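Student: what would the 3D arrangement of this be:
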Amino acid sequence: MGTIALRVDDATSDELDAVARGRGLTRSDLLREAIDTILDRRTRRTYGGTPQSLTVVERKVLMMQHEILSRLPDRDEDDRDYHERMVTVLQNGFVAEYTDEFGYLDAELSREDCTLVMDVLDMFRVLHGSVMQLTSDERASLGDDLLRSAKFSGFDLNDRFEGNLLMYARYLIEQGKWSEQADRFTDEMDHGDSHWRTLPVYRRMLAVFQPIWADIVHGAGGRREAYVLTVDEVRRVVEASKYGA
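Tutor: Next comes the predicted model:
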């Protein structure tokens, strides 16, 4: 197991100790949680759309909507009971019951996280196009294992955060974008569900791919006419998927 040494000033050290004590943790455990956040290890987090509080105005607006819906003539008894119950919950501000109002909603996927999905799809688009341009000898030199790793594997639906990334990836594919990846989102491929956490792998690959691609696209005068990777660049990107495996 690796060790990380971090030097901070006395005031910061005291603040970290205070936060850790307030959460019933050691300082090491607190910093491990912060590292998990950076690495998107969010499986233990509460990551949903239920708010912890609503303003009086928000409660009033929602309550009135439920009152109207409860009185519509086409509502069945169960539906009417639900709306009447939500009127009571919102009128009294029973926060623990807000899940019944918002539980089906996921938390927002930030612009940064949306961009991450697009970056991953862009990388595999370039890898796909680059592999297609390789000669048969060059593809043979990569081997079947690396060629498989050059294909998009989806995201893990069982992981709360990756599941949200998968939902966005599915949306993009349904809009006709990144169509070269559409076959990964068919019934036979579980609509992009990888069944294992792929994001750590993709991050390692992106760390190698993005500097190479930036040099190709934005390098002085452009390094080449075709916007594809060489066989050696493909190998460098794909081999990054194996590090730490």
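Student: could you use CA atoms for every contact and neighbour count after this?
Tutor: Will do.
Student: could you list the domains of this structure?
Tutor: Domain assignment for the chain, taken from automatic domain parsing, gives 1-38, 56-102, 111-242.
Student: contact partners for D9?
Tutor: By C-alpha atoms under 8 Å, 6 or more residues apart in numbering, the contact set of D9 is empty.
Student: in what helix or strand does the residue of the chain positioned farthest from its centre lie?
Tutor: Residue farthest from the centre of the chain, counting by C-alpha atoms, centre = their mean, is P73 at 42.0 Å. For P73, there is no helix or strand it lies in under DSSP states H and E.
Student: longest helix in this structure, please.
Tutor: Longest helix in the chain, counting residues (DSSP state H): helix 111-133.
Student: can you list contacts of that one?
Tutor: 139, 150-152, 165, 168-169, 178, 180-181, 202, 206, 209, 228-231, 234.
Student: buried members of the residues you listed into PyMOL, please.
Tutor: Here is the PyMOL selection string for the buried members of the contacts of helix 111-133, based on 16 or more other C-alpha atoms under 10 Å:
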select buried, resi 139+150+151+152+165+168+169+178+181+202+206+209+228+229+231+234
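Student: which ones among the contacts of helix 111-133 map onto helices?
Tutor: Short answer: those in helices (DSSP H) are 139, 165, 168-169, 202, 206, 209, 231, 234.
Student: report the buried residues of the longest helix of the chain.
Tutor: So, applying 16+ other C-alpha under 10 Å, buried residues of helix 111-133: 116-121, 123-128, 130-131, 133.
Student: quick one: average confidence on that helix?
Tutor: In this model, helix 111-133 has a mean pLDDT of 95.
Student: any idea how far it is from the middle of the chain?
Tutor: 14 Å (C-alpha atoms, centre = their mean, to the nearest Å).
Student: also stretch 228-237?
Tutor: 26 Å.
Student: which residues sit against that stretch?
Tutor: Counting by C-alpha under 8 Å, 6+ apart, 126-127, 129-131, 133-134, 138-139, 142, 146, 150, 205-206, 208-209, 212 sit against stretch 228-237.
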